[in-house]
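A.B. asks: Model the structure of this input:
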Amino acid sequence: MTTTTTGRVTVLGLGDMGSAIARTFVDRGDRTTVWNRTASRSAPLAAAGATVAATAAEAVAASPLVVLCLLDGTAVDEVLDSVGGAIAGKVLVNLTSGSPAKARAHERRANERGAEYLDGKLMGDPPYIGTPNVMIPVSGSGDAWAAHGPTLRGLGTVAYHGPDAGAAAVEFMAQVAVSYELLVGYLHTLRLVQEEGVDVVEFAERVAVSIPAYPPLLTGMARAVKSGEYAPDLGPLRVQAALMDDMIDHRESVGVEAVRMREVKKLMDRRIADGHGDQGFSSLFELLAEDG
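C.D. replies: Predicted coordinates for the structure are as follows:
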C-alpha cells in the first residue's frame, strides 16, 4: 500500500516541458530534486531552489515521487536501466509521450523493479504547466494515484482514467487524433474557399458561430456507435451520398484535392449497397475496422 509523502519530488528530464514541471513544484514549495543528461539544463532550476543530482539514480533516491518527462520511450527505457534498484519503493510517474502498449510495458518494468507506476500524457504547452489550461490524463496504480493525486493536480487539469496503465495514452492519442482530423479537413476547406475568392478569415468567423452545435452531435454519434442503432443523424446516407458527389465535383473543379471526400463517398456507397441507406453518417463506423 502506497503512503503519501508530501513535499519531496524528483523530476528526471529538463527539456522545456520537464523544466516547466520542475519549476512548478519548486514554486509550490516542494523539495524538488532534478536531473538531466545535459547538466547545464539544471542551472536555472538550481538558482530557483531545486537540488541538482549528479546521476539519475541519485535523483531517484532523493524522493518518494519520481516524475519522468523525457524525449521518448527509448529514453525512458535507458533511464530505467540506469537507475537500477534505486526505484524500488518509489512511485514512478511517466509523463513522456508514447503509445498505450509502451505505457503498459513501462509499468511492467517499473513493477519488476519494485516501483508503482502511473502513466500520464501532457496536453498543452510548457508555459501553461501549473494552470487549468493543461489537460493531463493519468492512469495506472490506484494506490499511487490515491497517494499522489493531489501533488499531480498541481500541474494542470488532471483526470484519473483507471488502473490500466495504457488508458491515459488511449485518451491522449484519441484527443490528438480528433484535433488533427478536424484541422486537416479545415485546411482543405480553407483552400476551397480561397480558390473561390472568399476571404478565409471572414469565413472562419462564420464557421466559429456554428461550432456550439457540434457537441450534441458528437455525443449522439457516440451513443449510436455504442448501441449499434444508427438514426439518420445528418440525414439518410442515400441523401448524403448525392451531396458528396456535388462536393467532390466542386473541389475538383477548382483544383482542390478531394481524396478524403472520395473515401467518405466510397464508405457511404458500401453502406447503402449493404441495405443501410436509411441510416445516418455515424453508421459508417461499422466499416472502419481493418477487415471492414
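
A.B. asks: from here on, contacts and neighbour counts on C-alpha atoms
C.D. replies: OK.

A.B. asks: Could I get the average pLDDT for the longest helix belonging to the chain?
C.D. replies: The helix that spans the most residues within the chain, counting by DSSP state H, is helix 167-195. Helix 167-195 shows a mean pLDDT of 96.

A.B. asks: Doesn't V138 lie inside a helix?
C.D. replies: No. Applying DSSP: H, G, I helix; E, B strand; the rest coil, one finds V138 to be strand, outside a helix.

A.B. asks: Leaving out sequence neighbours, find the closest residue to it.
C.D. replies: Setting aside the residues directly before and after it, V138 is nearest to G120 in space (C-alpha to C-alpha, 6 or more residues apart in numbering), at 4.2 Å.

A.B. asks: Can you give me the domain assignment for this structure?
C.D. replies: 8-162, 199-287 (automatic domain parsing).

A.B. asks: among those domains, which is the most enclosed?
C.D. replies: domain 8-162 (a mean of 20; mean count of other C-alpha atoms under 10 Å).

A.B. asks: same for whichever helix or strand comes after the longest helix of the chain, what does it pack against?
C.D. replies: Moving toward the C-terminus from helix 167-195, the first helix or strand encountered (DSSP states H and E) is helix 200-210. Here helix 200-210 touches helix 167-195, going by 3 or more C-alpha pairs under 8 Å, 6 or more residues apart in numbering; DSSP states H and E.

A.B. asks: Wait, L155 touches N133, no?
C.D. replies: No. Assessed by C-alpha atoms under 8 Å, L155 is found out of contact with N133, at 9.8 Å.

A.B. asks: show me where the chain has helices.
C.D. replies: For the chain, the helices defined by DSSP H cover 16-28, 43-48, 56-61, 73-83, 100-112, 142-152, 167-195, 200-210, 214-227, 237-253, 259-273.

A.B. asks: Indicate which one of those is closest to F285.
C.D. replies: helix 214-227 (7.0 Å; C-alpha to C-alpha).

A.B. asks: contacting residues around that closest one?
C.D. replies: Applying C-alpha atoms under 8 Å, 6 or more residues apart in numbering, the external contacts of helix 214-227 come out as Y230, A231, D233, S282, S283, F285.

A.B. asks: 10 Å instead?
C.D. replies: Contacts made with helix 214-227 from outside it, assessed by C-alpha atoms under 10 Å, 6 or more residues apart in numbering, are listed as 228-231, 233-234, 280-286.

A.B. asks: What is the nearest of these to L65?
C.D. replies: L65 has its nearest neighbour among the contacts of helix 214-227 in F285, at 41.9 Å by C-alpha to C-alpha.

A.B. asks: need the contact list for that closest one.
C.D. replies: Neighbours of F285 in contact, by C-alpha under 10 Å, 6+ apart: M221, A222, A224, V225, G228, Y230, L267, G292.

A.B. asks: Then S99?
C.D. replies: G73, A105, G166, A167, A168, A169, V170, F172, M173.

A.B. asks: what does the average pLDDT come to for stretch 239-254?
C.D. replies: Average pLDDT, stretch 239-254: 94.

A.B. asks: can you start the count at 37 instead of 1 from here on
C.D. replies: Got it, first residue is 37 now, which makes that one stretch 275-290.

A.B. asks: Need the CA coordinates for that stretch. PDB is fine.
C.D. replies: Only the C-alpha atoms of stretch 275-290 are listed here, as PDB (Å, rounded to 0.1, in the frame of the first residue of the first chain):
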ATOM      1  CA  VAL A 275     -29.400  11.600 -49.500                       C
ATOM      2  CA  GLN A 276     -25.900  12.400 -48.200                       C
ATOM      3  CA  ALA A 277     -24.300  10.400 -50.900                       C
ATOM      4  CA  ALA A 278     -25.700  12.600 -53.600                       C
ATOM      5  CA  LEU A 279     -24.400  15.700 -51.700                       C
ATOM      6  CA  MET A 280     -20.900  14.000 -51.600                       C
ATOM      7  CA  ASP A 281     -20.900  13.800 -55.400                       C
ATOM      8  CA  ASP A 282     -21.500  17.600 -55.600                       C
ATOM      9  CA  MET A 283     -18.800  18.300 -53.000                       C
ATOM     10  CA  ILE A 284     -16.300  16.100 -54.900                       C
ATOM     11  CA  ASP A 285     -17.100  17.800 -58.200                       C
ATOM     12  CA  HIS A 286     -16.800  21.200 -56.600                       C
ATOM     13  CA  ARG A 287     -13.400  20.600 -55.200                       C
ATOM     14  CA  GLU A 288     -12.000  19.100 -58.400                       C
ATOM     15  CA  SER A 289     -13.400  21.900 -60.500                       C
ATOM     16  CA  VAL A 290     -11.200  24.400 -58.600                       C
END
